[in-house]
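Colleague: predicted structure and sequence below. I'll ask about it afterward.
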Amino acid sequence: MNIDARDVRVELGGVAVLDDITLTVRAGELLVLVGPNGAGKSTLLGVLSGEIEPRYGEVLYGQRPVGGIRHAELARLRSVLTQENTVTFPFLVSEVVAMGRSPWARTEAGRRDISAVAAAMEVTDIAYLATRRYTQLSGGEKARVSLARVLAQETPVIFLDEPTASLDLRHQEDVMRVGRRMADEGRAVVVVLHDLSLASAYADRLALISDGRLEALGAPVDVLTEERVERVYGLSVELHVVAGRPVVVPRR
């Protein structure tokens, strides 16, 4: 299933934070949203996932406006990892991951709950934390538990907002490998990242957002040019292409 955003505009307090955004998220691709702080990446993710209603324009899931899809059905179509994943009660890690299965309660797919939770914990490297209390975990461990909850939901579309933000180098790579694998399995995966080189290494396409507008959309090697990165980020950089993928290095 493809997701189409058409002429999207979002306003906050009468000020446009996204404007004239048109793009398609394709089934079977990993699309990464990049851009400076405050550019509108998380807002765009919220619009695509149906969490934010645009002032103008529309988002279609297949041929259906996302606003017309009932919440329960939408939760079976797409899963969302936001930047804020606060669990204040001392649930066990396994219980937090199992929350991702709630959209499938009282359905045939509910029979997969145990295996889906186990698989999600295994792929995010948190199986050893299953009986720990979520509130006792480090920031990085909590981030991986939250990702496992999203994966356990088993949806054809997945939205991840800065899933690598609090992770070490190894687990950053693990998260992006998981995203890459899900896309290769036919799912549509959209990720917000700040690390341009990490985004370039795994994405099929990059969407570069600047000042609420779509600055560029395409293959990483086409989107990440020295001139464009320097103009958008206001920073002098060197760009090296390794195995066909751009690596961005600030000039120091």
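Modeller: That came through fine. A quick note: this is a predicted structure, and the numbers were derived from the prediction, not measured.
Colleague: mind listing the helices for the stretch 101-250 of the chain?
Modeller: Here the stretch 101-250 of the chain has its helices, by DSSP state H, counting those that start in this stretch, at 113-123, 139-152, 169-184, 196-202, 220-223, 226-233.
Colleague: any buried residues in the fifth one, and which?
Modeller: This points to helix 220-223. 220, 223 (16 or more other CB atoms under 10 Å). Glycine gets a C-beta too; all of them are placed from N, C-alpha and C.
Colleague: does anything pack onto that helix? Which helices or strands?
Modeller: In this structure, helix 220-223 packs against helix 196-202, strand 205-210, strand 213-218, strand 245-250, with contacts taken as 3 or more CB pairs under 8 Å, 6 or more residues apart in numbering; DSSP states H and E.
Colleague: swap in the third one?
Modeller: Where contact means 3+ CB pairs under 8 Å, 6+ apart, helix 169-184 is packed against strand 30-34, helix 139-152, strand 157-161, strand 188-192, helix 196-202.
Colleague: the inter-axis angle of the second one versus helix 169-184?
Modeller: Just to be clear, that refers to helix 139-152. Inter-element angle recorded for helix 139-152 and helix 169-184: 10 degrees (by axes from the mean of the first three to the mean of the last three CA atoms, to 10 degrees).
Colleague: off-centre distance for helix 139-152?
Modeller: 13 Å (CA atoms, centre = their mean, to the nearest Å).
Colleague: okay, that helix in PDB with CA atoms only?
Modeller: Output in PDB follows, covering the C-alpha atoms of helix 139-152 (Å, rounded to 0.1, in the frame of the first residue of the first chain):
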ATOM      1  CA  GLY A 139      17.400   5.800  28.000                       C
ATOM      2  CA  GLY A 140      18.800   3.600  25.300                       C
ATOM      3  CA  GLU A 141      17.100   0.500  26.600                       C
ATOM      4  CA  LYS A 142      13.800   2.300  26.800                       C
ATOM      5  CA  ALA A 143      14.200   3.400  23.200                       C
ATOM      6  CA  ARG A 144      14.700  -0.200  22.100                       C
ATOM      7  CA  VAL A 145      11.700  -1.400  24.100                       C
ATOM      8  CA  SER A 146       9.500   1.300  22.400                       C
ATOM      9  CA  LEU A 147      10.800   0.200  19.000                       C
ATOM     10  CA  ALA A 148      10.000  -3.500  19.900                       C
ATOM     11  CA  ARG A 149       6.400  -2.400  20.800                       C
ATOM     12  CA  VAL A 150       6.000  -0.800  17.300                       C
ATOM     13  CA  LEU A 151       7.400  -3.900  15.600                       C
ATOM     14  CA  ALA A 152       5.100  -6.200  17.500                       C
END
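Colleague: can the helices and strands packed on helix 220-223 go into a markdown table with extra columns for mean pLDDT?
Modeller: Compiled in a markdown table, those are given as follows (pLDDT from 0 to 100):
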| stretch | mean pLDDT |
| --- | --- |
| helix 196-202 | 98 |
| strand 205-210 | 98 |
| strand 213-218 | 98 |
| strand 245-250 | 96 |
